[in-house]
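Visitor: Here's a sequence, model it:
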Amino acid sequence: QGKDIEQTRKACEKFRYNPVTIINFLEGTRFTPEKYAQQKSTYRHLLMPKAGGMAFTLAAMNGQLHRLLDVTIYYPEGIPTYWDYACGRVKEIKVHIRQLPIPAQLIGNYTEDPQFRAAFQQWVNQLWRDKDDLIDSMAQASQKLS
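Guide: Model prediction:
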């Protein structure tokens, strides 16, 4: 983890004064039923989010980032493999994108401030609950169409 933080810090320092897009996958890995069972996720469709990397990036960019794009991807026919993509077997993908402001209270010291860490994690958990509900809605809409 310390190595990841140092790499993130260096990257953020490099891009701090240049226009940049940062992509952060809070789940940290691709969803599989095995990973879902292993994590004992409290979400119906998602792995548990890892908030530390995002919190550290926001702090390292020191207010330079003003918005984030929250992207939710749903596969009505089930989660495809890379081979499914390569063979053209993925017929439908639902993508929902929303732009969210990055409020000042999301910038703080995640590693050393337990109150900030708890508040940031709570914000991420709410984001994940909303995302889980959205996937439910997308699934219901897809079932009605089929």
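
Visitor: so who does the closest residue to Leu68 other than its chain neighbours touch?
Guide: Take Leu68 and drop its neighbours on the chain: the residue closest to it by C-beta to C-beta, 6 or more residues apart in numbering is Leu100, 5.3 Å away. Quick note: C-beta positions are derived from backbone N, CA and C, even for glycine. Taking C-beta atoms under 8 Å, 6 or more residues apart in numbering, we find Leu100 in contact with Arg67, Leu68, Leu69, Asp70.

Visitor: Need the phi and psi values for the closest residue to Thr32 other than its chain neighbours.
Guide: With sequence-adjacent residues excluded and distances taken as C-beta to C-beta, 6+ apart, Thr32 is closest to Ile79, at 7.8 Å. Phi and psi for Ile79, reported as degrees, to the nearest 10, are phi -70, psi 120.

Visitor: Ile79: how many residues sit nearby?
Guide: 14 (other C-beta atoms under 10 Å).

Visitor: Now do the same for it: its pLDDT.
Guide: We have a pLDDT of 89 for Ile79.

Visitor: Buried residues, the helix of greatest length in the chain. List them.
Guide: Ranked by residue count, the top helix of the chain under DSSP state H comes out as helix 114-145. By neighbour count with 16 or more other C-beta atoms under 10 Å, helix 114-145 contains the buried residues 116-117, 120-121, 123-124, 127-128, 131-132, 134-135, 138-139.

Visitor: Which strands or helices does that helix pack on?
Guide: Packing partners of helix 114-145 (3 or more C-beta pairs under 8 Å, 6 or more residues apart in numbering; DSSP states H and E): helix 52-60, strand 67-74, strand 94-101.

Visitor: Quick check: which of the ones you listed is nearest to Arg30?
Guide: strand 67-74 (11.2 Å; C-beta to C-beta).

Visitor: The closest one: which residues count as buried?
Guide: By neighbour count on 16+ other C-beta under 10 Å, the buried set for strand 67-74 is Leu68, Thr72, Tyr74.
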